[in-house]
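Chemist: turn this into a structure:
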Amino acid sequence: MGVVVIGGGPAGLRAAEVAAACGAKVTLFEAQRSVGRKFLLAGRGGLNLTHGEATENFPARYRAERERWRALLGEFGPDDLRAWAAKLQIETYVGTSGRVFPRGQKAAALLRAWVRRLREVGVTLNTGERWIGLTKSAGGWSLSFTSDHGSSAIDARAVVLALGGASWPETGSDGKWPPLLAEHGVTTEPFFAANCGWEIAWPAEVLAQAEGLPLKNLTASAGDETVSGELLITVYGLEGGAIYRLGPVLRAMDAPGLRIDFKPQVSAASLRERAQQFRQPNEWYRAWKLSPGAIALLSNMGTPERVNLSAAIDRVKAFSIPLQRPRPIAEAISTAGGVAWSELDENLMLRKLPGVFLAGEMIDWEAPTGGYLLQGCFTTGTVAGRNSAAFRLS
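Modeler: Model (predicted):
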């Protein structure tokens, strides 16, 4: 018996590739009609594979379990991911933001090359078959599936589960699998939205002037954490990398809110000097070269008509926006929650189910956008695939 991989996202595809390269007979099952749907969706705006910063900085990006991530990334880090793409004849480059993209930024070409490689190394791809359970068998595990053609079962010595989290359910990442593991006593944490927008009760005047406008080159703070980045004003609130990165802090706050410095590179004293000769807020805003989006917020929230210059400077350097709630989980770029790290050994094998390994967003971790999400999926897929292949020989 060989290795069965369940889930055709990046973590599952990578696990299948690695297990096959280690000599295992690998069969991959995917509930959707094709593999890599979330991978393709992630690549619509340019496929951000990983990040170009120093590898030693990566563990901190995953917040919890840093030493575990350090060990995992030691087995397959960002340089390894770029080398993997190169072997598929896909050149990568580091963008101005430090993010790593394939040349042309197209996910489809990379996925086609990847699927060809999987077939070349002998991976069998079964699509349209949904996993519905597993039971212990004499030689390992018996896995059950359902499809339009009925039910089926397959035996495996080792199993890799890579069914994803609960965001973008239209791609198959629907978060419906926890009860299947709960039957075996495996603990899972509830899913919640990560890397998502937040809702705000905008005044009508803000939306009339600023809906769809970006807020660039700012710093945003929540609690004791401050990040640099950009935001986008939407009809329901704010999106963008800055608020995504502050998600863990915002979720922990009783009254979540942002503090924005619209001019982080300019001191309050310099702002005062630039505006000293003017008397009205709109004149100050022009002197400070604020963006239209920033001006719309400053002009229509709070009591801007009664501010003096000192108060206006304070607002530009620390503008407060109360938040209501995160956007629905189905809209989130990623999710946190899933199988607790305590359920897994150092090989990403479930302690309660010997021979069953996990990869990707099934595990309770989160990371910011910027390439860290896909890197985490490729890394855990690599480790799970390698160790599942080794387990089949035990």
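Chemist: assumed M253 was part of a strand.
Modeler: No. Read with DSSP: H, G, I helix; E, B strand; the rest coil, M253 is coil and lies in no strand.
Chemist: what does the pLDDT read for it?
Modeler: pLDDT, M253: 97.
Chemist: quick one, what contacts it?
Modeler: Each residue near M253 by CB atoms under 8 Å, 6 or more residues apart in numbering is listed here: A222, G223. In short, each C-beta sits where N, CA and C put it, glycine included.
Chemist: show me how the record splits this structure into domains.
Modeler: In the domain annotation for the chain, the residue ranges read 3-193+333-391, 198-322 (automatic domain parsing).
Chemist: quickly compare the ones you listed and say which is most buried.
Modeler: Per-stretch averages of neighbours, counted by mean count of other CB atoms under 10 Å, single out domain 3-193+333-391 among the domains of the chain, with a mean of 20.
Chemist: just the terminal-to-terminal distance for that one.
Modeler: 9 Å (CA to CA, to the nearest Å).
Chemist: quick one: mean pLDDT for that domain?
Modeler: On average, domain 3-193+333-391 scores 95.
Chemist: now do the contacts for the residue lying closest to P292 once chain neighbours are set aside.
Modeler: Here the nearest residue to P292 in space, its sequence neighbours aside, is L213; by CB to CB, 6 or more residues apart in numbering that works out to 5.8 Å. By CB under 8 Å, 6+ apart, the residues touching L213 are L232, I233, S291, P292, G293, A296.
Chemist: ok, now how distant is L213 from V249?
Modeler: Remark: distance between L213 and V249 (CB to CB, to the nearest Å) = 25 Å.
Chemist: that older thread, just the contacts of L213: which are in strands?
Modeler: Among those, the ones falling in strands (DSSP state E) are L232, I233.
Chemist: torsion angles phi and psi at the residue nearest to P292?
Modeler: Dihedral pair for L213: phi -90, psi 140, per degrees, to the nearest 10.
Chemist: mind listing the helices for the stretch 251-394 of the chain?
Modeler: Taking DSSP state H, counting those that start in this stretch to define them, one finds helices in the stretch 251-394 of the chain at 268-275, 281-287, 292-300, 309-317, 372-391.
Chemist: let's have those helices in JSON lines, adding distance to V160.
Modeler: Below are these laid out as JSON lines (distance: least, CB to CB, whole Å):
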{"stretch": "helix 268-275", "distance to V160": "55"}
{"stretch": "helix 281-287", "distance to V160": "55"}
{"stretch": "helix 292-300", "distance to V160": "45"}
{"stretch": "helix 309-317", "distance to V160": "50"}
{"stretch": "helix 372-391", "distance to V160": "5"}
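Chemist: those: which one's closest to N48?
Modeler: helix 372-391 (6.8 Å; CB to CB).
Chemist: what's that closest one packed up against?
Modeler: Packing partners of helix 372-391 (3 or more CB pairs under 8 Å, 6 or more residues apart in numbering; DSSP states H and E): strand 3-6, helix 10-21, strand 50-51, helix 58-61, helix 66-75, helix 78-87, strand 158-161, strand 356-358.
Chemist: swap in 6 Å and give it another go.
Modeler: Using 3 or more CB pairs under 6 Å, 6 or more residues apart in numbering; DSSP states H and E, the elements in contact with helix 372-391 are helix 10-21, helix 66-75, strand 158-161.
Chemist: for those, which one sits closest to G385?
Modeler: Among the helices and strands packed on helix 372-391, helix 10-21 sits nearest to G385 (CB to CB), with 3.2 Å.
Chemist: who are the packing partners of the closest one?
Modeler: Against helix 10-21 (3+ CB pairs under 6 Å, 6+ apart) you get strand 3-6, strand 26-30, helix 372-391.
Chemist: let's go with 8 Å and repeat that
Modeler: strand 3-6, strand 26-30, helix 37-42, helix 107-120, strand 158-161, helix 372-391.
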